[in-house]
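>>> Below are the sequence and a predicted model; questions follow.
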Amino acid sequence: MDVSRDEVFQRIADELGYSFDGEMKIGGNYVPLVRNGDEIYISGQIPRVGDTVVVTGRAGADVDLDEGRRAARICTMRALAILRQSLGSLDHVRKVLRITVYVQSASDFTQQSEVADSASEVLYAVFSSAGVHTRTSVGVYQLPKNASVEIDMIVAANTVETAPGA
């Protein structure tokens, strides 16, 4: 039995205990994604559910590794929800190309890559080999709304076919 990417997405959302349906709130004068040809650039996503940033503070001080990893999963799911809303289905994503994971870190916290691993695990679960990507993970002093993690993403999607004469 084949399971669609959207079904895997929903299973992960259920495991996290959050709904990623509805409009994804953005915090300024920008758009959540831009498409250029077959590439889609997704703006940075923080672990916001509805109006609440659910994981805040510095990893290694206010937030332990497990909470940081949960924050990264939520950020990734928000990015995928935006993609799904734009494309109609995650099945239209051809390849995840790159993610950047920013972790608000205490001065002695060095496990940014372990936090980022949970984002990579979500992408692999949803997209299988098409979810294998390049990645940068960095520790930062501060993130918007005191979020513990922020993730941006670049994917390649199936080319939109234009009707003749359009």
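Now that the structure is in, tell me what you want to look at. Since this is a predicted model, take the numbers as computed values, not measurements. Numbering: from 1, shown residues only.
>>> Just the mean pLDDT for the longest helix along the chain, thanks.
Using DSSP state H, we find that the single longest helix of the chain is helix 65-87. The pLDDT scores in helix 65-87 average 97.
>>> Helix or strand next in line after it, which one?
Once the chain leaves helix 65-87, the next helix or strand it forms, by DSSP states H and E, is strand 93-104.
>>> Just the CA atoms of that following strand, as PDB, please.
Only the C-alpha atoms of strand 93-104 are listed here, as PDB (Å, rounded to 0.1, in the frame of the first residue of the first chain):
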ATOM      1  CA  VAL A  93       7.700  18.500  -4.700                       C
ATOM      2  CA  ARG A  94      10.400  16.900  -6.800                       C
ATOM      3  CA  LYS A  95      13.400  17.400  -4.400                       C
ATOM      4  CA  VAL A  96      14.300  19.200  -1.200                       C
ATOM      5  CA  LEU A  97      17.500  21.100  -2.200                       C
ATOM      6  CA  ARG A  98      18.600  22.900   0.900                       C
ATOM      7  CA  ILE A  99      17.600  23.900   4.500                       C
ATOM      8  CA  THR A 100      19.200  26.400   6.900                       C
ATOM      9  CA  VAL A 101      18.600  25.800  10.600                       C
ATOM     10  CA  TYR A 102      19.200  28.700  13.000                       C
ATOM     11  CA  VAL A 103      19.300  27.700  16.700                       C
ATOM     12  CA  GLN A 104      19.100  30.400  19.400                       C
END
